[in-house]
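**Student:** With the input below, show me the fold.
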Amino acid sequence: MALQISATNPEHPALLLELPWHLPLEEWPEHHLVPLPRGISRHVVRYARAGDEVIAVKELAERPALREYGLLRDLDRLGIPAVDALGVVTGRTDEAGDPLEPVLITRHLGGSMPYRSMFETTMRPATMHRLMDALAVLLVRLHLTGFAWGDCSLSNTLFRRDAGAYAAYLVDAETGDLHAQLSTGQREYDLDLARVNISGELLDLEASGALHPSVDPIDFGNEICSRYRRLWQELTRTSVYPAGKYHYIERRIRRLNDLGFDVAEMQIEHSSNGDTVTFVPKVVDAGHHQRQLLRLTGLDTEENQARRLLTDLESWMATQDDYAPGDPLGARPEVLAHRWVREVFRPTVRAVPPELRGTMDPAEIYHQLLEHRWYLSERAQHDIGLDIAVKDYIDNVLPKARAVLPPPIDDVTAM
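**Tutor:** Numbering: from 1, shown residues only. Here you go, the predicted model:
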């Protein structure tokens, strides 16, 4: 059977043909590989370069490879945080003509880390709680779209910094199934698997001495269940309000917005006697602040980053002479937002030398600078300004952080 490459982008096949598909992944030459941390996997996985892109290549049988490729594309269409599927290579043979396993190709998720790499230095319990929050949000989002993961675990997740928190991305969709809607039993099965898997992974870390002594692996496994259930209840519960108290419905929607979700469809019913109103969110979409920031500025960020940048944008807009909410003669918010990007956001980020940025994307850099400005202002008991905060951050914070942060992809050379 001839080598076949199924790819999502017409540019990818030509680039992918340059890779040594006649060799098992374990034998690929080092000059093709990129030295990035890898999580535990039941399959052989390698990071490699394809033109200007870094890709993850995973060997597995043809049917699951094609199935996972299709599921990852479905998740992308649904707006779920998951790695991007780029292609599947089948018909591989070695130099003797013997068949080799097909491979699934995904795009490397820039700035992401597998959980084991994050535990190379003992992680504080507070940081672990943030990981559990991120994983709970991911699992809820999957279930809202009808996706049963079938193997939720820390090993099958990548984490990215998100303004003091983390954003979780699905890596392995091999065991997943997409349905129109999940039953309670399907969701609980996924949740129970997550509890068992996470407890087992943390017990393994404990045995290796990489777990903080105050962390109980079993308790943290149970924590994913409690965090998931609280969020699911808030997003899907039915509310009954007194008739005429329609602002209660608005308050409920605002609460969901604060959690980072939009109500795309709702059901409102009056009781037969007209005394009460029942409100049910029917379709809930994540990314409320992401969409708002993208609409205003064109910046595509994680949810918590977007929330933080919007706060700074609103504070800056209030200082502008032509900012006049409700006044038709005042500048439109979109105009001011693009001015903020041009005059504040971009110059501030560009002031940080690329070699000191590590894996942080521009939105995360800006968030870190805002945090440092707040810290210095608290210490000085007055606002020290962004320019001073940037200089102090570059001189005193980033050089120390650089010593423990992995380099950006562009700085990585072949092993």
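
**Student:** which residues touch residue 253?
**Tutor:** residue 263 (C-beta atoms under 8 Å, 6 or more residues apart in numbering). Backbone N, C-alpha and C define where each C-beta goes, glycine included.

**Student:** Which element, helix or strand, includes it?
**Tutor:** According to DSSP states H and E, residue 253 maps onto helix 246-258.

**Student:** what separates that helix from the chain centre, distance-wise?
**Tutor:** A distance of 26 Å separates the C-alpha centroid of helix 246-258 from that of its chain, computed with C-alpha atoms, centre = their mean, to the nearest Å.

**Student:** now do stretch 66-75
**Tutor:** On the basis of C-alpha atoms, centre = their mean, stretch 66-75 sits 18 Å off its chain's mean C-alpha point.

**Student:** Need the phi and psi values for residue 57.
**Tutor:** Here is the backbone geometry of residue 57 (degrees, to the nearest 10): phi -120, psi 130.

**Student:** my read: residue 301 touches residue 310, true?
**Tutor:** No - Residue 301 lies out of contact with residue 310 (C-beta atoms under 8 Å); the separation is 9.9 Å.

**Student:** And the two? Which one has more around it.
**Tutor:** residue 301 (25 against 19; other C-beta atoms under 10 Å).

**Student:** sorry, back to before: and the helix holding residue 253, what's buried?
**Tutor:** Using 16 or more other C-beta atoms under 10 Å as the burial criterion, the residues of helix 246-258 that qualify are 249, 252-253, 256.

**Student:** Buried residues of stretch 364-380, list them for me.
**Tutor:** Under 16+ other C-beta under 10 Å, the buried positions of stretch 364-380 are 364-373, 376.

**Student:** Can I get the residues you listed in a markdown table including secondary structure, pLDDT and distance to residue 174?
**Tutor:** Formatted as a markdown table, those follow (DSSP: H, G, I helix; E, B strand; the rest coil; pLDDT from 0 to 100; distance: C-beta to C-beta, whole Å):
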| residue | secondary structure | pLDDT | distance to residue 174 |
| --- | --- | --- | --- |
| 364 | helix | 93 | 30 |
| 365 | helix | 93 | 34 |
| 366 | helix | 94 | 36 |
| 367 | helix | 94 | 34 |
| 368 | helix | 92 | 35 |
| 369 | helix | 94 | 40 |
| 370 | helix | 93 | 39 |
| 371 | helix | 93 | 38 |
| 372 | helix | 93 | 42 |
| 373 | helix | 93 | 44 |
| 376 | helix | 93 | 48 |
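
**Student:** Out of the buried residues of helix 246-258, which two are the most distant from each other?
**Tutor:** 249 and 256 (10.9 Å; C-beta to C-beta).

**Student:** Reformat the buried residues of helix 246-258 as a markdown table; add distance to residue 59.
**Tutor:** Below are the buried residues of helix 246-258 laid out as a markdown table (distance: C-beta to C-beta, whole Å):
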| residue | distance to residue 59 |
| --- | --- |
| 249 | 52 |
| 252 | 48 |
| 253 | 47 |
| 256 | 42 |
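
**Student:** tell me which of the residues you listed is nearest to residue 20?
**Tutor:** Within those, proximity to residue 20 (C-beta to C-beta) peaks at residue 256, which comes in at 49.7 Å.

**Student:** pLDDT score for that closest one?
**Tutor:** In the prediction, the pLDDT value recorded for residue 256 is 88.

**Student:** That one contacts residue 235, doesn't it?
**Tutor:** Yes - contact criterion C-beta under 8 Å: residue 256 and residue 235 qualify, at 6.8 Å.

**Student:** Show residues contacting the one helix or strand residue 47 maps to.
**Tutor:** Residue 47 belongs to strand 45-50 when assigned by DSSP H and E. Applying C-beta under 8 Å, 6+ apart, the external contacts of strand 45-50 come out as 12, 15-16, 18-19, 25, 28, 32-36, 38, 54-59, 108, 414.

**Student:** What about those, which are in strands?
**Tutor:** Secondary structure assignment by DSSP state E places 54-59 of these in strands.

**Student:** In those residues, find the pair that's most separated.
**Tutor:** 54 and 59 (17.7 Å).

**Student:** Skipping adjacent residues, who's closest to residue 117 in space?
**Tutor:** The shortest distance from residue 117 to any residue that is not its chain neighbour, by C-beta to C-beta, 6 or more residues apart in numbering, is 3.8 Å, and that residue is residue 37.

**Student:** That neighbour contacts residue 119, correct?
**Tutor:** No - judged on C-beta under 8 Å, residue 37 makes no contact with residue 119 at a distance of 11.0 Å.

**Student:** Distance-wise, check residue 386 relative to residue 347.
**Tutor:** Relative to residue 347, residue 386 is positioned 10 Å away (C-beta to C-beta, to the nearest Å).

**Student:** Of these two, which one has the most company?
**Tutor:** The residue with the greater number of neighbours, taking residue 386 and residue 347 and applying other C-beta under 10 Å, is residue 386; the counts read 19 against 13.

**Student:** For residue 316, see how far away the more buried one is.
**Tutor:** In this view, residue 386 and residue 316 are 10 Å apart by C-beta to C-beta.

**Student:** which residues in this structure form helices?
**Tutor:** 12-16, 62-77, 115-118, 125-144, 184-208, 217-236, 246-258, 288-297, 303-317, 333-340, 346-350, 362-380, 386-392, 398-402 (DSSP state H).

**Student:** Enumerate the beta-bridge partners assigned to the residue sitting nearest the centre point of the chain.
**Tutor:** Nearest to the mean C-alpha position of the chain, counting by C-alpha atoms, centre = their mean, stands residue 167 at 3.6 Å. With DSSP bridges as the criterion, the beta-bridge partners of residue 167 are residue 160.

**Student:** residues contacting it?
**Tutor:** Contacts of residue 167 were listed using C-beta under 8 Å, 6+ apart, and they are 81, 134, 159-161, 302-304.

**Student:** try residue 159
**Tutor:** Residues in contact with residue 159, defined by C-beta under 8 Å, 6+ apart, are 112-115, 118, 131, 134, 166-169.

**Student:** The residue nearest to residue 117: what's it in contact with?
**Tutor:** Neighbouring residues of residue 37 by C-beta under 8 Å, 6+ apart: 113-114, 116-117, 406.

**Student:** Buried only: go through those for me.
**Tutor:** Under a neighbour-count criterion of 16+ other C-beta under 10 Å, the subset of the contacts of residue 37 counted as buried comprises 113-114, 116.

**Student:** Great, nothing more from me.
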